[in-house]
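Trainee: only the shape, not the letters, is given here:
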């Protein structure tokens, strides 16, 4: 037996709210399956199961807020059961329903039925169907008693345009808010309507432009969703400022060679696949982290613990306010095109509220890039328990001396905020120098 617990989805997370179960008792799950949706102060996260087996008891009801580490469910993995498994709280007794006619087939416990009476499988299967835009009433179940299985959904064709593609959370929010999903434009993958799309529609259209800045400020109702996220970030940064003895370094990096190389590489690429400077910068940071391991890891139990892998956290600002830093796993081993594609998907899922727990867990080093905001340099605060943070500014044309001649080259200011308990200025300088050297040899990225 194994416990499925409320995961820690960031150093600033102390508790989370279980929004939705995507499985039920008796369901078979495989490691990596999304089994629940959890809401944190920053965003909504899809949580995967870390064990394979059969779902036993669900111990926490949707809508309940519990501390990190709380047991949410029990997974039967075939091993010995843990001691003292608490029984789930009894649900209120439903109102007595008239008995169904003897000729009407009944769904198995834990299942629902389609309008035609065919047995629909588990909440996990329904979740997959929602994501693919599949009407389960049109799917023939290959399981026992006509039960629709995961394989049936994965091989079923998506419905036509009459079927609105929306996440389960978006459908529930739309129903409670009286929002017509067919009138919304989805920002999720394949046009899927996400919860943020429904929330935006419920907030109404933006106020018309006015001359007074005071009048143009959003109402408290509109601004409120950002407050919990900002409060969580503020609390974490206050802790970092108190506990971490920061030191700061900066350097200007000449990007003339890197930008020329990138233009040559992009010449024969489709527009959607062209590289951007951020890809080169992130890859150089990841490779530098591998070469300077003193900055890649965690400060725990009054000691530095280096990481064997590079999980590069990328700070992403959210549309409704707040910030998340999902991780590019093994960023140092990715090719530049692979890093570009992974980064685009990560940012899209972060802003659409579709991050998975594995994408938010344990970055070893974080990068904050404010170049697109016009900032030339940024000195960030370290995200504990990490020991370093890299800041990247805007690529700008600046005068530089080359072979005794003054010319103008594209340059970027790279900064390092580091924990003096884990490293010193010499180590930090070696790290920034290594990034510079890599960007002078972009063909090695």
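Mentor: Right, received. Where do you want to start? Since this is a predicted model, take the numbers as computed values, not measurements.

Trainee: going forward, measure contacts between C-alpha atoms and count neighbours the same way
Mentor: OK.

Trainee: could you say what helices and strands the helix or strand encompassing residue 328 packs with?
Mentor: Following DSSP states H and E, one finds residue 328 within strand 327-329. Other helices and strands packing on strand 327-329, by 3 or more C-alpha pairs under 8 Å, 6 or more residues apart in numbering; DSSP states H and E, are strand 311-314, helix 357-360.

Trainee: run the chain-centre distance for that strand.
Mentor: Per C-alpha atoms, centre = their mean, to the nearest Å, the displacement of strand 327-329 from the mean C-alpha position of its chain is 10 Å.

Trainee: and that strand, which strands flank it?
Mentor: strand 311-314 (antiparallel) (DSSP bridges).

Trainee: beyond the partner strand, next helix or strand please.
Mentor: Sequence order places strand 316-317 as the next helix or strand after strand 311-314, per DSSP H and E.

Trainee: and that following strand, how far out from the chain middle?
Mentor: With C-alpha atoms, centre = their mean as the basis, strand 316-317 stands 10 Å off its chain's centre.

Trainee: name the residues that touch it?
Mentor: For strand 316-317, contacts defined as C-alpha atoms under 8 Å, 6 or more residues apart in numbering pick out 323, 324, 325, 326, 347, 350, 351.

Trainee: show me which of those is closest to residue 311.
Mentor: residue 326 (9.1 Å; C-alpha to C-alpha).

Trainee: and the nearest residue to the closest one once chain neighbours are set aside, what does it touch?
Mentor: Nearest-residue entry for residue 326: residue 360, 4.5 Å, with adjacent residues in sequence omitted and distances by C-alpha to C-alpha, 6 or more residues apart in numbering. Applying C-alpha under 8 Å, 6+ apart to residue 360 gives the contacts 9, 10, 325, 326, 327.

Trainee: distance of the second one from residue 360?
Mentor: In this case it means residue 10. The gap separating residue 10 from residue 360 is 7 Å, by C-alpha to C-alpha, to the nearest Å.

Trainee: before we move on, what about the first one?
Mentor: When distances are taken as C-alpha to C-alpha, residue 9 and residue 360 turn out to be 6 Å apart.

Trainee: please apply the same query to the third one.
Mentor: Residue 325 sits 7 Å away from residue 360 when distances are taken as C-alpha to C-alpha.

Trainee: one more: residue 306?
Mentor: Plainly put, residue 306 is 19 Å away from residue 360 if you go by C-alpha to C-alpha.

Trainee: check residue 53 too.
Mentor: Distance, residue 53 to residue 360, by C-alpha to C-alpha: 24 Å.

Trainee: do you know how far residue 276 is from residue 444?
Mentor: Counting by C-alpha to C-alpha, the gap from residue 276 to residue 444 is 16 Å.

Trainee: who's more crowded, the two?
Mentor: Counted by other C-alpha atoms under 10 Å, residue 276 and residue 444 do not tie: residue 276 has more neighbours, with 15 against 8.

Trainee: still on that earlier bit, among the contacts of residue 360, which one lies nearest to residue 43?
Mentor: Distances from residue 43 to the contacts of residue 360, taken by C-alpha to C-alpha, are shortest for residue 9, at 10.1 Å.

Trainee: the closest one: what secondary structure?
Mentor: Assigned by DSSP: H, G, I helix; E, B strand; the rest coil, the conformation of residue 9 is coil.

Trainee: what is the neighbour count of it?
Mentor: Close neighbours of residue 9, defined as other C-alpha under 10 Å, add up to 24.

Trainee: before we move on, what about residue 370?
Mentor: Counted with other C-alpha under 10 Å, residue 370 comes out at 17.

Trainee: can I assume it is in contact with residue 395?
Mentor: No - between residue 370 and residue 395 there is no contact, the gap being 10.4 Å when judged by C-alpha atoms under 8 Å.

Trainee: any shared contact partners between the two?
Mentor: Common neighbours of residue 370 and residue 395 (criterion: C-alpha under 8 Å, 6+ apart): residue 376.

Trainee: and the residue nearest the centre of the chain, what is it in contact with?
Mentor: In the chain, the residue lying closest to the centroid (C-alpha atoms, centre = their mean) is residue 355, at 2.8 Å. When contacts are counted by C-alpha under 8 Å, 6+ apart, residue 355 touches 44, 45, 46, 326, 346, 349.

Trainee: and it, how close does it get to residue 443?
Mentor: Note on residue 355: its distance to residue 443, by C-alpha to C-alpha, is 32 Å.

Trainee: swap in residue 18?
Mentor: From residue 18 to residue 443 the distance is 46 Å (C-alpha to C-alpha).

Trainee: who's more crowded, these two?
Mentor: Neighbours per residue (other C-alpha under 10 Å) separate residue 18 from residue 443, with residue 18 holding more: 22 against 11.

Trainee: ok, the more buried one - contacts?
Mentor: 36, 37, 38, 39, 60, 61, 62, 63, 64, 65, 66.

Trainee: elements contacting the longest helix seen in the chain?
Mentor: In the chain, ranked by residue count with DSSP state H as the criterion, the top helix is helix 226-243. Contact here means 3+ C-alpha pairs under 8 Å, 6+ apart; on that basis helix 226-243 packs against strand 323-324.

Trainee: I'd like the average pLDDT over the strand it packs on.
Mentor: Average pLDDT, strand 323-324: 82.

Trainee: same question for stretch 52-71.
Mentor: Stretch 52-71 comes out at a mean pLDDT of 90.

Trainee: and the end-to-end length of it?
Mentor: Terminal residues of stretch 52-71 are spaced 17 Å apart (C-alpha to C-alpha).

Trainee: in it, what's buried?
Mentor: For stretch 52-71, the neighbour count (16 or more other C-alpha atoms under 10 Å) marks 52-61, 65-66, 68, 70-71 as buried.

Trainee: cool, and stretch 395-410?
Mentor: 395, 396, 409, 410.

Trainee: need the helices for the stretch 251-400 of the chain, in chain order.
Mentor: With DSSP state H, counting those that start in this stretch as the criterion, the stretch 251-400 of the chain has helices at 256-266, 277-291, 336-351, 357-360.

Trainee: mind checking the ones you listed for the one nearest to residue 247?
Mentor: Minimum separation from residue 247 across the helices of the stretch 251-400 of the chain (C-alpha to C-alpha) falls at helix 277-291, 17.3 Å.
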